[in-house]
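> starting from these lines, generate the structure:
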Amino acid sequence: MATPVAEQAKSGTLPLTATIGALGVVYGDIGTSPLYALKEAAKAASNGGTPTHGAILGVASLILWALILIISVKYAMLIMRADNRGEGGIVALLALLSARNARPGTWRAQLLVVGLIGAALLYGDGAITPAISVLSAIEGLKVDAPSLTPVVMPMTVAILISLFIMQKQGTGFIGKIFGPVMLGWFVVLALLGIHGIIKAPTVLAALSPLYAFEFLTHQDFHVSFAILGAAFLAVTGGEAMYADMGHFGRNPIRLAWFAVALPALVLNYFGQAALLITDATAIGNPFYQLAPDWAQYPLVAFAALATVIASQAIISGVFSLTQQSIQLGFLPRMRITHTTSHAIGQIYVPLVNWLLAAATLGAVIGFGTSDALAGAYGIAVSLLMAITTLLAALIAIQWGYSPIIVIAVNGFFLVIDCIFFAANSTKLIEGGWFPLLLAGAVAFLMLTWRRGVRLVERARANLRQPEEDLIETAVSRCHARLPGTAVFLASVPNGVPLALTQFVKHNHCLHERVLLVTVLIEELPRIPDEDRAEVIGVVPGITRVILRYGFMQYPTIYQGLVLACNQGKLPGIDLSDITYYIGRETIIPSEDVPGMWVWRESVFAFLQRNAERSAAFFGVPTRQVVEFGTEIEI
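Residues are numbered from 1 along each chain as shown. Now for the predicted structure:
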């Protein structure tokens, strides 16, 4: 079930609420890039000195055409066509390519690895974005009052800690003001830019892409790469257009970009460039120096609010990505709290929240300034953009588009992505290692968990009884039936659950009614209620129930059974008088069983021991649960 805004958006209309909402959630990150992007690019172009007139025009032109080519053409016009029933993002791409169930060694299995690396890169981006955004906003205090420099770091840390503490309360109220506040922010960006352009209208010559091309080609190779890496900061956050498509719809996101965000960003970047043309000493912080003296402190406060909104959007995105990854079996089960009952997507993942908080605060304290953080920013996003372009090309070919056209168009953008990635790779030693280290750790855990789950399922298959044995047991051996209904959770929709095997082995009887319940996560965003439950009779008294959910939905077994009962598929069952039998495996790493390296199996065993229990994760009433333990060697 989609949110009302999402339903209206997907219908093809352009509702004002969805368009304004997109400004707050989708464009919060890219909307705060003017705080640091042009400053860093101009510093790279001047190579530590005073930027020349030609360098300033070249940087402004480069940023403009990066916004046009990467955000406007690639993402808004092309990538957003590759949707999975209206949903976008790296997980939706993997679902479209059916990479999740690919056999090991096939090209689809290799795509899964690439896609999981792309998903992991979002975690690195999620740690850096709040750090550089909030820090660059608070640094505006130094422009008007250099004596306040010592309070910049403590204020930034305090704001970020407050932001992460606030997550458990939910963001429903704040979410309502995201859009209007960011609309006001873009208006301020445009007004500041116009104010600067009026003082030096010659900056409009940078509208020509020739300035960017000629400037880059006349620089030393290492200088050109440094400029490209800094200019790329202007487009970080653009990937949110695709990732958040399911929340607002394709058309409102496009309208918000072309009507509001793009014009405001271009005006502000050109205004900053115009200021540098008239006063090259303003390179220290051209954004804040665009504003008159009386507006400095209000602008710092407004920028801080805008960066908090941008940070909130990326944190919420990481929560959503985590939930989707858990549903598709890429991460272990974690406790997920729904912060509101009337809005889909309002979730809180405590473990991820505090790990992200630690990484973000570590970045702020470790790097110290937004200039230093700029060296860590961009490398993860540029690699993610290249992976997205590659996967979108494969989907276009899969959908029947001409391979020649797809290779020509996506190949062109892939070359641009690779150039930017190569340029950002020069920042590796300066700090680019930090988001890559985070992404590498997450990707390792994802791949280890994925591989471990397959090994456990293979071991289960060897232990699991065939369905024929269950029928024989029910008919021939279990003459006594216990009163009531028993539910046995099954990981696959065939065979006999290990918990049921253990129950019969020790008790030599069965309940009057037995439900074998399996939860399947489909490679679709959402499954409608009428298709939720499939009921299959095995023998009298034993029924198999398959509950299907999309990867954007939260799988609740109790609610699924309630739905099946209300639809008449499970007549005569009192859900308040059911006993749920759940298996809980203890993983034993072993060198004698083929699988992963033992140390990696030990990592998987640690993750499995600390994963959220099945009963809690699947919403089973805790007072009705009985667990059966089993040791499994992998």
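> centre of the chain to the host helix or strand of Leu275, how far?
Taking DSSP states H and E as the definition, Leu275 sits inside helix 262-278. Its chain's C-alpha centre and that of helix 262-278 lie 31 Å apart, by C-alpha atoms, centre = their mean, to the nearest Å.
> list the helices and strands it packs on?
helix 28-31, helix 37-46, helix 53-66, helix 172-199, helix 286-289 (3 or more C-beta pairs under 8 Å, 6 or more residues apart in numbering; DSSP states H and E). (Glycine included, C-beta is placed from N, CA and C.)
> check contacts around the residue nearest to Val134 when sequence neighbours are not counted.
Excluding its sequence neighbours, the residue lying closest to Val134 (C-beta to C-beta, 6 or more residues apart in numbering) is Thr307, at 4.7 Å. Contacts for Thr307 (C-beta atoms under 8 Å, 6 or more residues apart in numbering) come out as Thr32, Leu35, Pro130, Ser133, Val134, Ser136, Ala137.
> what about 6 Å?
Going by C-beta atoms under 6 Å, 6 or more residues apart in numbering, Thr307 touches Thr32, Ser133, Val134, Ala137.
> and which of those residues is nearest Ala158?
Of all the contacts of Thr307, Ala158 sits closest to Val134, with 10.0 Å by C-beta to C-beta.
> could you point out which element follows the helix or strand that contains the closest one?
Assigned by DSSP H and E, Val134 falls within helix 107-138. Using DSSP H and E, the helix or strand that directly follows helix 107-138 along the chain is helix 141-144.
> now find how far off-centre that next one is within its chain.
Offset of helix 141-144 from its chain centre (C-alpha atoms, centre = their mean): 34 Å.
> now stretch 346-353
13 Å.
> flag every buried residue along that stretch.
Gln346, Ile347, Tyr348, Val349, Val352, Asn353 (16 or more other C-beta atoms under 10 Å).
> same question for that stretch, mean pLDDT?
Mean pLDDT, stretch 346-353: 89.
> show the end-to-end separation of it, please.
For stretch 346-353, the first-to-last residue distance is 14 Å (C-alpha to C-alpha, to the nearest Å).
> before we move on, back to that, list the contacts of the helix holding Leu275.
Here helix 262-278 has contacts from 34, 38, 51, 56, 60, 63-64, 186, 189-190, 192-194, 196-197, 199-200, 203, 282, 286, 290, using C-beta under 6 Å, 6+ apart.
> just the buried ones from the residues you listed, in PyMOL syntax?
With 16+ other C-beta under 10 Å as the criterion, this PyMOL line picks the buried residues out of the contacts of helix 262-278:
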select buried, resi 34+38+51+56+60+63+64+186+189+190+192+193+196+197+200+203+282+286+290
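> could you check the angle helix 53-66 makes with the helix holding Leu275?
170 degrees (axes from the mean of the first three to the mean of the last three C-alpha atoms, to 10 degrees).
> and helix 262-278, what's its mean pLDDT?
So the average pLDDT for helix 262-278 ends up being 96.
> over to stretch 150-160?
On average, the pLDDT along stretch 150-160 is 94.
> please apply the same query to stretch 103-116.
For stretch 103-116, mean pLDDT rounds to 80.
> off-centre distance for it?
With C-alpha atoms, centre = their mean, you get 20 Å for stretch 103-116.
> which stretches of the protein form strands?
Taking DSSP state E to define them, one finds strands in the chain at 337-338, 347-348, 481-489, 510-522, 533-539, 542-550, 578-588, 625-633.
> just give the closest residue to Leu383, not the sequence neighbours.
Phe421 (5.4 Å).
> quick one: that neighbour and Ile277, what's the gap?
Distance of Phe421 to Ile277, given as C-beta to C-beta, to the nearest Å: 31 Å.
> got it, and Ala158?
Going from Ala158 to Ile277 by C-beta to C-beta gives 37 Å.
> those two: who's more crowded?
For Ala158 versus Ile277, neighbours defined as other C-beta atoms under 10 Å are more numerous around Ile277 (21 against 13).
> if I look at the nearest residue to Asp83 once chain neighbours are set aside, what pLDDT would I see?
Counting by C-beta to C-beta, 6+ apart, Met245 is the residue found nearest to Asp83 once chain neighbours are left out, at 6.1 Å. pLDDT, Met245: 84.
> same thing with Thr360?
For Thr360, pLDDT reads 96.
> run a quick neighbour tally on it.
26.
> and what of Phe413?
Phe413: 23 surrounding residues under other C-beta under 10 Å.
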